[in-house]
Structures are given as C-alpha cells and as structure tokens.
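In: 3D model of this:
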Amino acid sequence: MNSAKASSSQRFQPGETAQTKVWKGKFGREYTDRNVLGSAELDSLWLKNYGVSRSEISGLFLCNIDKRASILEVGCNIGNQLLMLQSLGYTNLTGIEIQSYALNIAKPRVSNVALYQGSALALPFESNSFDLVFTAGVLIHIAAPDLPQALNEIHRCAKQYIWGTEYFSSEPASVFYHGRGELLWKMDYAKLYLSRFPDLNLVREERLKYLQTENIDSIFLLRKRETYGA
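Out: Now for the predicted structure:
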C-alpha cells in the first residue's frame, strides 16, 4: 500500500462549486451506479469505443513505469482504473474521490489500495508524494475557473509523471452531458499542462477517435524535466 503521507498543510480550502454539488448528489450517484466495471468489462468498453483495450493502451504508456511506483488516481470513483492497474501488476496505488457514495462502493472492490475522500482542488498529500498522478475523465468535469487549481495540485503532488485520459478538442468546447450544461468540457488538456508548467515534457500522446461518433479522446503522459532530466 502507498506509504505517502497526507499533508497537514492548509494551503487551500476549496469551497463548494456548482459541479461538486452535482457530483455529490443524485446525479453523481446515478453516474456511479451505471459505471461499475471490472477490468474485463472496461477492456470490452474500450474495444467497442476505440477498437483497442484499456489494458493495451495503459501498457503502452506505462511500459517504463516500475510496477512498484507510487501512483495516485485523482477522481477514482469506484476504482475501475485502479483495478485495471492492479491487473497490470501495479501494487502501490492510492485513490482520491469527492463522492462518499462512490468511495463506499470502492472500498470492498479494491484491496490493498489507500482511498481518501477529497477534492482535486486541494489534494491532501505532501508535494512530490507520488511517482505518477493521473486522471481518467475527470478534468473534463472541472469548470474553467477551477481548472488551474486542479492542475496545480496534480503537478504539485507528482514527483515524476502526470498521465491523463480526457476528451480532446483543439479549442475549448462546452458539451451537454446527460441533458445538463456546465458539467463537461473538451479541450487540449496536454497542451494546457505544457503551457502552464515549463518543467513538463510530453513523453507520449495518442488521440483515439470513437468508432461510432466524432468524439476524440487524448491520452497523454508528461514527465517533469527539471528534476529528472530531458
């Protein structure tokens, strides 16, 4: 289990946002209930959407990441991605999720994983606590005024790598999500990281088009340059 310690720092205490209220409420619980996926089911969904499995893509991006590396998922929900990483042999995993309902489901599903309730806007960990910090479909749900703080926190907690899987658009675009506005945005998240943090290098990026729609997902791996060399 991850040995990273929660920080006692009170750097930033986020207030409730319009988005966090929704995700903590009935809408968020409904999202959780319809997304209970094991590793095999997650791979099947990816094969249907992109023609490639989640495990295969993850293996390509993480091929140089030691199986003992400390890894934090921000917005882990019920642990689908953490289960996938465990199936690939990663053992030092931590997840943080804002929704208590999802965490209560995650705890019996994922063993030997440290789980915390908290916000991406104020991660309760010391700086450089994790070798790799990642999100999967989380940044897309953070509104523009709050996004810089979330990126700051992910960058702060990442000792070496930042990994992301998010909807892609060359220009920022707001999208209706299950009939609601102000809950989903597409943009070039890799470019946003790189423009905000001069110490980051792009290791790899793949843009996967959905087989049945025009949507595109960006999967990217970034590495801190100043600490670990170019």
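
In: Pick out the least confidently modelled helix or strand of the chain, by mean pLDDT.
Out: helix 225-228 (a mean of 63; mean pLDDT, DSSP states H and E).

In: where do the strands sit along this protein?
Out: Along the chain, counting by DSSP state E, strands occupy 70-74, 92-97, 114-117, 130-136, 158-167, 173-174, 185-186, 200-209, 216-224.

In: Minimum distance to residue 48: which of these has it?
Out: Closest approach to residue 48 among these is made by strand 200-209 (12.3 Å; C-beta to C-beta). Bear in mind the C-beta positions are built from the backbone N, C-alpha and C, glycine included.

In: could you dump that closest one to CSV, C-alpha only?
Out: Provided in CSV are the C-alpha atoms of strand 200-209 (Å, rounded to 0.1, in the frame of the first residue of the first chain):
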residue,chain,number,x,y,z
LEU,A,200,7.0,19.3,-18.1
ASN,A,201,7.9,17.3,-21.3
LEU,A,202,5.5,15.4,-23.4
VAL,A,203,6.6,11.7,-23.4
ARG,A,204,3.7,10.4,-25.5
GLU,A,205,0.2,11.3,-26.7
GLU,A,206,-2.3,9.3,-28.6
ARG,A,207,-5.6,10.7,-29.9
LEU,A,208,-8.2,7.9,-30.2
LYS,A,209,-11.3,8.6,-32.3
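
In: What's the mean pLDDT across it?
Out: What strand 200-209 shows for mean pLDDT is 98.

In: And that strand, what does it pack against?
Out: Under the contact criterion of 3 or more C-beta pairs under 8 Å, 6 or more residues apart in numbering; DSSP states H and E, strand 200-209 touches helix 39-50, helix 54-61, helix 189-196, strand 216-224.

In: just to revisit the earlier point, relative to residue 27, which of the strands of the chain is closest?
Out: Of all these, strand 92-97 sits nearest to residue 27, with 15.3 Å by C-beta to C-beta.

In: what does that closest one contact?
Out: Applying C-beta atoms under 8 Å, 6 or more residues apart in numbering, the external contacts of strand 92-97 come out as 1-4, 68-77, 79, 82, 85-86, 103, 106, 110, 112-118, 120, 123-124, 130.

In: Sheet-wise, list the partners of it with their directions.
Out: Partner strands and pairing direction for strand 92-97 (DSSP bridges) are strand 70-74 (parallel), strand 114-117 (parallel).

In: Report the backbone C-alpha coordinates of the last one in PDB.
Out: These are the backbone C-alpha positions of strand 114-117, laid out as PDB (Å, rounded to 0.1, in the frame of the first residue of the first chain):
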ATOM      1  CA  ALA A 114      -5.300   3.600   0.000                       C
ATOM      2  CA  LEU A 115      -8.600   5.500  -0.600                       C
ATOM      3  CA  TYR A 116      -9.300   9.100   0.500                       C
ATOM      4  CA  GLN A 117     -12.300  11.400   0.200                       C
END
